[in-house]
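> no sequence on hand, only this structure:
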């Protein structure tokens, strides 16, 4: 197992422990048909292609958690977001790091819906929270 996989597993454990707190669990807005909250953990320098491949493993919808050490960003990803306000993707492609996407989401505002041209999957919204 490489260091990147170990880092993702450590973040996943932290997220799953945090899901016991109802306030945290509410931030994971994407649910599958069984009512479960699928979670995909990525690192800022993972590629968007990696992110979308992992989300596709969950049927195209998941709560994506990007780890920044002292904080995480939660991005709700669904194939068809209602009320999308526009497109992100000027320069985004499958090889772009996830961090580029998070910078664009911060620039254009949290709690907005966007479509992304880099893949068929579309981003619904983002929230940032500090983790202990």
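Right, received. Where do you want to start? Quantities reported herein were computed from a predicted structural model and do not represent experimental measurements.
> going by C-alpha atoms from here, please, whenever you check contacts or count neighbours.
Fine.
> pop out the phi and psi values for residue 74.
For residue 74, the backbone dihedrals (degrees, to the nearest 10) come out as phi -100, psi 120.
> poorly predicted segments of the chain, please.
Segments of the chain classed as low confidence (criterion: pLDDT under 70) are 80-91, 109-132.
> against residue 29, how distant is the residue nearest the centre of the chain?
With distances taken as C-alpha atoms, centre = their mean, the chain has residue 64 as the residue nearest its mean C-alpha position (2.4 Å). The gap separating residue 64 from residue 29 is 10 Å, by C-alpha to C-alpha, to the nearest Å.
> hey, what's in contact with both of those two?
residue 76 (C-alpha atoms under 8 Å, 6 or more residues apart in numbering).
> ok, back up a step: in its sheet, what does whichever strand or helix holds the residue nearest to the centre of the chain sit against?
Residue 64 belongs to strand 62-67 when elements are defined using DSSP states H and E. Partner strands and pairing direction for strand 62-67 (DSSP bridges) are strand 39-42 (parallel), strand 71-78 (antiparallel).
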